[in-house]
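> Pasting the sequence and the predicted coordinates here, then a few questions.
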Amino acid sequence: MVNHFLDLDVVSKPDLRAMLDKAAALKSDLKAGGSNSSLSGKTLALLFEKPSTRTRVSFEVGMRQLGGDVIVLERETTQFGRGETVADTARVLSRYVDAIMIRTTAESKLLELAEHATIPVINGLTDRTHPCQLMADVMTFEEHKGPIKGKKIAWSGDGNNMAASWIHAAVQFDFELAIAAPAELSPDAEILKWAQEQGAKVSVTSDVEAAVDGADCVVTDTWVSMGDQDESSDRHNLLQAYQVDQRLMDGANKDAIFMHCLPAYRGREVTADILDGPQSVIWDEAENRLHAQKGILNWCMNGEN
């Protein structure tokens with residue numbers, strides 16, 4: 001059986017927790033000056049249809065810290081961007097490397113790649129979800145606030161791919177999620193239905209103050225995702241009321257933390273005083289992409305759990 005990491009909802013709860021435990025151990029060992037060669041002799045292909053800073057650097061560095069190697073493939077410099085099918089790309093890469101991370105647009109490309117690959121495929125981001133980021137986010141929350149189970153997370157802003165993965169995470173890690181978004185930008189209805197069927201404590205409202213009330217963490221994301229063309233004033237007008245500022249943070253628990261997956265735009269989705277302030281854990285969150293993904297890589301290629 002191939003250990004694909006496609007989305008949080010299709011990986012078991014024990015496996016997700018094992019990946020985070022492994023990530024925490026690897027991080028602790030690294031900070032203590034230790035080394036790890038668990039992926040020695042393995043090669044990871046990074047396939048980018050969308051550009052990246054954190055995803056590329058964290059996977060590349062993480063793989064090398066585990067003793068493995070990396071090949072970076074970008075759309076403009078491969079046949080993948082010139083008409084070769086996803087299925088053929090999967091078959092070819094399966095003969096060369098030990099796993100594939102893909103950062104792409106349509107989820108269908110991720111699923112097709114996994115269907116035809118005989119090696120693990122990792123979802124580095126699609127327009128629908130971003131599960132690697134959520135693993136880092138859960139790791140970061142627990143470093144600062146203890147176990148996430150039973151805690152309340154508030155999302156403010158666009159119901160985008162990050163919001164979708166937070167919904168998946170609420171089910172898999174058993175926490176409450178309150179999403180505040182304009183009705184026009186509500187999260188994926190199919191994912192919300194799935195969460196409801198799982199008995200999750202997930203709510204959606206247009207009342208941002210109600211969403212953050214009693215929250216242990218407030219999360220937001222950019223109003224215009226990478227590659228989107230919608231920079232319209234209408235979109236910004238819809239989202240302006242969901243900007244995370246000091247007034248909004250004051251409505252959460254006194255010791256609440258603030259998260260943002262980055263890149264951030266100060267003065268848009270979040271004010272500078274919050275992003276750069278004492279409640280913000282964004283740099284720990286960014287660093288933990290490295291560690292969380294090492295846990296994922298070990299699970300995918302070594303079957304560690």
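The structure has been received and is ready for your questions.

> just for the protein, where's the confidence low?
Confidence mapping of the chain against pLDDT under 70 gives the ranges 77-82, 225-232, 304-305.

> And the helices in it?
In order along the chain, the chain carries the following helices (DSSP state H): 13-31, 54-65, 86-96, 107-116, 131-145, 161-173, 189-197, 208-212, 233-239, 246-250, 272-275, 282-302.

> Point out the one among those that comes closest to His260.
Closest of the helices of the chain to His260 is helix 282-302, at 5.2 Å (criterion: Cβ to Cβ). Placement of C-beta: from N, CA and C, glycine included.

> do you know how far the residue most central in space within the chain is from Ala292?
For the chain, the residue nearest the mean C-alpha position is Gln133 (2.1 Å; Cα atoms, centre = their mean). When distance is defined by Cβ to Cβ, to the nearest Å, Gln133 is 9 Å away from Ala292.

> cool, and Val72?
Using Cβ to Cβ, Val72 is found at 20 Å from Ala292.

> what about those two, which has more around it?
Between Val72 and Ala292, counted using other Cβ atoms under 10 Å, Ala292 has the larger neighbour count: 30 against 15.

> Next up, the contacts around the more buried one.
When contacts are counted by Cβ atoms under 8 Å, 6 or more residues apart in numbering, Ala292 is found next to 19-20, 23, 132, 135-136, 139.

> Compute the number of surrounding residues for Ala24.
Counted with other Cβ under 10 Å, the neighbours of Ala24 add up to 17.

> actually Ala25, not the one I typed
15.

> cool, the one 10 residues further on as well?
For Ser35, the number of neighbouring residues by other Cβ under 10 Å comes to 9.

> Show the backbone phi and psi for it.
Torsion angles at Ser35 (phi, psi; degrees, to the nearest 10) stand at phi -130, psi 160.

> Quick one: end-to-end length of stretch 217-224, please.
As for stretch 217-224, its first-to-last residue distance stands at 22 Å under the measure Cα to Cα, to the nearest Å.

> Would you mark the buried spots in stretch 202-219?
202, 204, 206, 208, 211-212, 215-219 (16 or more other Cβ atoms under 10 Å).

> quick check, nearest of the residues you listed to Asp273?
Each of the buried residues of stretch 202-219 was scored against Asp273 by Cβ to Cβ, and Val218 proved nearest at 13.8 Å.

> returning to that earlier point: can you say which of the helices of the chain is packed in most?
When neighbours are counted by mean count of other Cβ atoms under 10 Å, the highest per-stretch mean among those falls to helix 161-173, a mean of 25.

> Only the C-alpha atoms, please, for that helix, written as PDB.
Extracted as PDB, the C-alpha positions of helix 161-173 are listed here (Å, rounded to 0.1, in the frame of the first residue of the first chain):
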ATOM      1  CA  ASN A 161      -8.500  26.300   0.700                       C
ATOM      2  CA  MET A 162      -7.000  27.100   4.100                       C
ATOM      3  CA  ALA A 163     -10.400  27.300   5.700                       C
ATOM      4  CA  ALA A 164     -11.300  24.000   4.000                       C
ATOM      5  CA  SER A 165      -8.200  22.300   5.600                       C
ATOM      6  CA  TRP A 166      -9.100  23.800   9.000                       C
ATOM      7  CA  ILE A 167     -12.500  22.100   8.700                       C
ATOM      8  CA  HIS A 168     -10.800  18.800   7.900                       C
ATOM      9  CA  ALA A 169      -8.500  19.400  10.900                       C
ATOM     10  CA  ALA A 170     -11.400  20.200  13.300                       C
ATOM     11  CA  VAL A 171     -12.700  16.700  12.600                       C
ATOM     12  CA  GLN A 172      -9.400  14.900  12.700                       C
ATOM     13  CA  PHE A 173      -8.000  16.600  15.800                       C
END
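
> That helix packs against which elements?
helix 13-31, helix 131-145, strand 152-156, strand 176-180, helix 189-197, strand 202-205 (3 or more Cβ pairs under 8 Å, 6 or more residues apart in numbering; DSSP states H and E).

> Distance from the chain centre to it, please.
Here helix 161-173 is found 9 Å from its chain centre; the criterion is Cα atoms, centre = their mean, to the nearest Å.

> Compute the inter-axis angle for it and helix 189-197.
Angle, helix 161-173 to helix 189-197, by axes from the mean of the first three to the mean of the last three Cα atoms, to 10 degrees: 20 degrees.

> Do I have it right that Leu262 meets Ser280?
No - look at Leu262 against Ser280 with Cβ atoms under 8 Å: they stay out of range, at 11.0 Å.

> And these two? Which one has more around it.
More neighbours surround Ser280 than the other of Leu262 and Ser280, with 20 against 17 (other Cβ under 10 Å).

> gap between the more buried one and Met259?
Here Ser280 is placed at a distance of 8 Å from Met259 (Cβ to Cβ).
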